[in-house]
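A.B. asks: structural data only, the sequence is not supplied:
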Ligand code: NAD
């Protein structure tokens, strides 16, 4: 595994010397072994990072370079990362506890393809030209003038990320922000600092100028320092709705622009003519692939009552065949939750639902015979009332609820009856009906019959309601790191 700057932070183009900051062990969640020691930034470190970022933006060469030049430098950064794919996939797997296949595809592969796509499209980002207009003046003379709207970097961006898909989410903020000319301070989750610090090594190797990109590992205090400081122009946040709301309040006095990629309680609607096997496979992947620690997981399975028994029986069979264990073993099909606190939260929600009389189909326990690792059984409830807490709150673990319906209007009403609005899915052979349902869902994304099968780098991603606002990835993901400047001119 790549040793990523243990005990160091990346500030102003330099690695802080060990001993200057507090050190914290980082655990492998499958074994609870210490995989390395990470530096925890102090608020003075955050200050230094902000200083470096601000100075580089206001006075440095980066934002004055043309976009193709910046894309070339960042292309070398991505090359550096891609050349280390084996060791970085291993690092991400050990740090997050995700399956080898998930580490390779969603964590590393999707991160790299999003980065490449950003670098490909950024130099083509268009400015808008407005027609020439004539203004008659009272003295009889005329002014002929026009205008153009161009996209400018916003300034200093604080990127704050969660633990579940850290490599992809870090790169998904850092690359578009940098290519558009911004300076960045990245604050990863303290559970997964090494998947962030590696980007500092890559930036250094590629020749990103000092101060343009900085990394400070830390918890809420460091997040607070970044989101309240007047030197920061934009906060790009991915995490829970609760922390998103706190950050929005922290950023309010200095009127920062915010992008909020938050949690979800997404609904998969399986119509009477839907492919039950495909829908169950999708639910299985969604709820177990990363132990359900995905914002876009299909946690509410809204199934037509005529096919609900078949769907529940099949998903139960799949859940009970899941091989829980250390992702280092290729036979494992579900790894651990990130930490004991996350497991306790999931178990608390599950036990509360059982206590309320919600019908447990399978799971609902810490697997027997394991004294190490934060594992939890894939858990399924059936015949769930959409008003119950287990159907409303994000568990961020391997927990699904099945809710029955009889008409498609009812299915849409159930799906939309949520504080969240991140994603959704529809299964029906009637593609016209599936499209109508997709249009009626109040979410940022809907997959029909499994969608395009991958996380496309063209597709913008993001939510509405308590799932946040703004979009990441694709062209809109680049726009988020720019502001529009209108330049008006007069013809001589
Ligand atoms: P979290 O909200 O607890 O923490 C996210 C980040 O915010 C961490 O780096 C944390 O240290 C930092 N933070 C905490 N308090 C802060 C504060 N007051 N000010 C500034 N920063 C602060 O989330 P998590 O537990 O790491 O990740 C899980 C959550 O992330 C889930 O809700 C999941 O749905 C969400 N998520 C959303 C998306 C998306 O694209 N919509 C993607 C992945 C994860």
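C.D. replies: Looks like it came in fine. All of these numbers come straight from a predicted model, not from anything done at the bench. Numbering: from 1, shown residues only.
A.B. asks: how about the residues of this protein near the ligand?
C.D. replies: Remark: the part of the chain in contact with the ligand comprises 160-165, 187, 189, 219-220, 223-224, 227, 238-240, 243, 246-247, 250, 261-264, 295, 394, 396, 422, 463, using Cβ under 6 Å from any ligand atom. Backbone N, C-alpha and C define where each C-beta goes, glycine included.
A.B. asks: pLDDT of stretch 415-424, averaged?
C.D. replies: Computed over stretch 415-424, the mean pLDDT rounds to 98.
A.B. asks: and for stretch 73-86?
C.D. replies: 98.
A.B. asks: what residues sit buried inside that stretch?
C.D. replies: The neighbour-count check on stretch 73-86 (16 or more other Cβ atoms under 10 Å) flags 73, 74, 75, 77, 78, 80, 81, 84 as buried.
A.B. asks: same check, this time on stretch 237-251
C.D. replies: In stretch 237-251, counting by 16+ other Cβ under 10 Å, buried: 237, 238, 239, 240, 241, 243, 244, 246, 247, 248, 250, 251.
A.B. asks: cool, and stretch 397-414?
C.D. replies: Buried residues in stretch 397-414, counting neighbours by 16+ other Cβ under 10 Å, are found at 397-405, 408, 411-412, 414.
A.B. asks: how about stretch 57-67?
C.D. replies: For stretch 57-67, the neighbour count (16+ other Cβ under 10 Å) marks 57, 60, 62, 63, 67 as buried.
A.B. asks: pipe the buried residues of stretch 397-414 into a markdown table and attach secondary structure per row.
C.D. replies: Below are the buried residues of stretch 397-414 laid out as a markdown table (DSSP: H, G, I helix; E, B strand; the rest coil):
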| residue | secondary structure |
| --- | --- |
| 397 | coil |
| 398 | coil |
| 399 | strand |
| 400 | strand |
| 401 | strand |
| 402 | strand |
| 403 | strand |
| 404 | strand |
| 405 | strand |
| 408 | helix |
| 411 | helix |
| 412 | helix |
| 414 | helix |
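A.B. asks: could you give the average pLDDT over the helix or strand hosting residue 319?
C.D. replies: Using DSSP states H and E, residue 319 sits in helix 308-320. Helix 308-320 carries an average pLDDT of 98.
A.B. asks: which residues touch that helix?
C.D. replies: 270, 276-277, 279-281, 283-284, 288, 301, 303, 361-363, 377-380, 382, 400, 402, 404 (Cβ atoms under 8 Å, 6 or more residues apart in numbering).
A.B. asks: can you say which of these are buried?
C.D. replies: Judged by 16+ other Cβ under 10 Å, buried ones among the contacts of helix 308-320: 270, 276, 279-280, 283-284, 288, 301, 303, 361-363, 377-380, 382, 400, 402, 404.
A.B. asks: so of those residues, which ones are in strands?
C.D. replies: 270, 301, 303, 361, 362, 379, 380, 382, 400, 402, 404 (DSSP state E).
A.B. asks: please state the backbone phi and psi of the residue of the chain found nearest the ligand?
C.D. replies: The minimum distance from the chain to the ligand, using Cβ to the nearest ligand atom, falls at residue 223 (2.1 Å). Phi and psi for residue 223, reported as degrees, to the nearest 10, are phi -60, psi -40.
A.B. asks: about what we covered before: next step: the residues of the chain next to the ligand restricted to helices.
C.D. replies: 220, 223, 224, 227, 243, 246, 247, 250 (DSSP state H).
A.B. asks: how many residues are close by the fourth one?
C.D. replies: Neighbour count of residue 227, defined by other Cβ atoms under 10 Å: 24.
A.B. asks: hmm, it is touching residue 156, no?
C.D. replies: No - contact between residue 227 and residue 156 fails when scored by Cβ atoms under 8 Å: they sit 11.8 Å apart.
A.B. asks: pull out the buried positions in whichever strand or helix holds residue 52.
C.D. replies: Assigned by DSSP H and E, residue 52 falls within helix 43-59. With burial defined by 16+ other Cβ under 10 Å, the residues of helix 43-59 counted as buried are 45-57.
A.B. asks: tell me what the helix or strand that that helix is followed by is packed against?
C.D. replies: Past helix 43-59, further along toward the C-terminus, the next helix or strand under DSSP H and E is helix 67-82. Packing partners of helix 67-82 (3 or more Cβ pairs under 8 Å, 6 or more residues apart in numbering; DSSP states H and E): helix 110-121, helix 166-179, helix 194-206.
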